[in-house]
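Asker: take a look and give me a structure for this.
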Amino acid sequence: MKKLENRVAYITGAAMGNGEGIAKVLAKHGATVLLADISEKVFETVKKIKSEGNEAFAYKVDVTNYNDVQKSVDDAISKHNKIDILINNAGVIRLIKFLEMSDEIRDFHFNVNINGIWNCSKAVLPNMIKNNYGKIVVMSSVTGPMVADEGEVAYATSKAAAWGFTKGLAREVAKYNINVNAICPGFVLTPMVEGMAKETNPDNPQEVIDGLAKGIPFKRLCKIEEIGDLAAFLSSDESKYITGTQFVIDGASTLPESAAIV
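Answerer: Residues are numbered from 1 along each chain as shown. The predicted structure is shown next:
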């Protein structure tokens with residue numbers, strides 16, 4: 001029996017990047033995956049997962065809109081009877097220095113990266129509490145809680161908040177047999193990182209990605225499927241006694257004491 005067989009997983013930001021990697025791995029382990037994303041590309045991603053013989057369904061959802069989220073969750077529960085796993089993956093980043101950032105862009109980060117997690121958790125939790133079972137995985141980052149670069153103040157703030165949310169919610173719902181944990185990736189080869197590379201060096205974004213890889217002891221960026229492997233562990237009963245914890249997956253990029261000593 002596969003470790004996620006008979007489980008239903010709702011995954012946000014699942015059209016591409018980390019969300020796509022997580023959906024693919026959870027489906028491989030037997031979960032029925034519900035992919036939620038604001039992008040129409042989510043329907044293409046579902047088709048790919050289905051082509052591999054797995055159960056997948058798509059929802060076009062804006063995680064910043066609670067009513068939109070609740071509608072999709074209600075529909076999912078009516079069709080599948082439950083949601084066992086929630087992966088709060090949807091996230092955004094814009095590299096803009098603090099004094100140059102508009103309130104609109106600041107709030108864009110907070111609305112997606114913080115309110116999105118809040119909305120999805122609030123919509124899914126009543127069903128988990130009713131079933132006395134649930135796994136919630138929050139996508140935080142090493143950026144914010146551990147490190148930061150120029151232009152990342154809004155993003156870092158939102159990801160540090162995600163870490164705090166994880167701990168607070170984990171304490172509240174442990175009595176319902178619900179685990180809440182956070183994943184803190186370093187650099188993963190996703191469209192988001194590729195977008196950051198283009199913002200940094202529009203003429204040669206690959207040079208930026210190669211430079212990032214050189215600074216990582218493993219000499220490469222993480223693969224989306226490797227994020228999926230960790231998410232699958234946290235979504236399974238293999239992690240049933242783990243909650244309120246953050247898992248760093250960064251290829252040891254935050255480990256060196258000094259970047260000047262190699």
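
Asker: for the nearest residue to residue 219 once chain neighbours are set aside, helix, strand, or coil?
Answerer: Once flanking residues are discounted, residue 219 sits nearest to residue 213: 5.8 Å by CB to CB, 6 or more residues apart in numbering. In this view, the C-beta of every residue, glycine as well, is placed from N, C-alpha and C. Assigned with DSSP: H, G, I helix; E, B strand; the rest coil, residue 213 falls in the helix class.

Asker: can you check residue 198 too?
Answerer: With three-state DSSP as the basis, residue 198 sits in helix.

Asker: so after the helix or strand hosting residue 71, what's the next helix or strand?
Answerer: Assigned by DSSP states H and E, residue 71 belongs to helix 66-80. Using DSSP H and E, the helix or strand that follows helix 66-80 towards the C-terminus is strand 85-88.

Asker: what are the contacting residues of that following strand?
Answerer: Residues outside strand 85-88 that contact it (CB atoms under 8 Å, 6 or more residues apart in numbering): 4, 7-12, 14, 19, 22, 26, 31, 116-117, 120-121, 124, 128, 134-139, 162, 231, 235.

Asker: report the next helix or strand after it in sequence order.
Answerer: Downstream of strand 85-88 (by DSSP H and E), the next one is helix 103-110.

Asker: report the buried residues of that next one.
Answerer: 106, 108-110 (16 or more other CB atoms under 10 Å).

Asker: tell me what the helix or strand encompassing residue 179 is packed against?
Answerer: Taking DSSP H and E as the criterion, residue 179 maps to strand 178-185. Where contact means 3 or more CB pairs under 8 Å, 6 or more residues apart in numbering; DSSP states H and E, strand 178-185 is packed against helix 116-131, strand 134-139, helix 153-173, helix 224-235, strand 246-249.

Asker: could you check the angle helix 153-173 makes with the first one?
Answerer: Angle between the axes of helix 116-131 and helix 153-173 is 10 degrees (criterion: axes from the mean of the first three to the mean of the last three CA atoms, to 10 degrees).

Asker: which other residues reach helix 116-131?
Answerer: Identification of contacts with helix 116-131 by CB under 8 Å, 6+ apart yields 10, 12, 36, 63-66, 69-70, 73, 77, 82-84, 86, 88, 90-91, 134, 136, 138, 162, 165, 169, 173, 176, 178.

Asker: filter those residues down to the buried ones.
Answerer: Looking at those with 16+ other CB under 10 Å, the buried ones turn out to be 10, 12, 36, 63-64, 66, 69-70, 73, 77, 82-84, 86, 88, 90-91, 134, 136, 138, 162, 165, 169, 173, 178.

Asker: residue contacts, residue 242?
Answerer: Residue 242 makes contact with 179, 181, 234 under the criterion CB under 8 Å, 6+ apart.

Asker: at 6 Å instead, please
Answerer: Contact analysis of residue 242 by CB atoms under 6 Å, 6 or more residues apart in numbering lists nothing.

Asker: quickly find the element holding it.
Answerer: Per DSSP H and E: residue 242 is located in neither a helix nor a strand.

Asker: distance of it relative to residue 207?
Answerer: Remark: distance between residue 242 and residue 207 (CB to CB, to the nearest Å) = 39 Å.

Asker: circling back to that earlier point, number of residues surrounding the residue nearest to residue 219?
Answerer: The number of residues packed near residue 213 is 16, by other CB atoms under 10 Å.

Asker: now swap in residue 43 and tell me
Answerer: Residue 43: 15 surrounding residues under other CB under 10 Å.

Asker: for it, which non-adjacent residue is closest in space?
Answerer: Nearest residue to residue 43 in three dimensions, chain neighbours excluded: residue 58, at 4.8 Å (CB to CB, 6+ apart).

Asker: tell me the SS of that neighbour?
Answerer: Going by three-state DSSP: residue 58 is strand.

Asker: which residues does it contact?
Answerer: 35, 42-43, 46.

Asker: top of those residues by number of neighbours, please.
Answerer: Ranked by neighbour count (other CB under 10 Å), the contacts of residue 58 have residue 35 at the top, with 29 neighbours.
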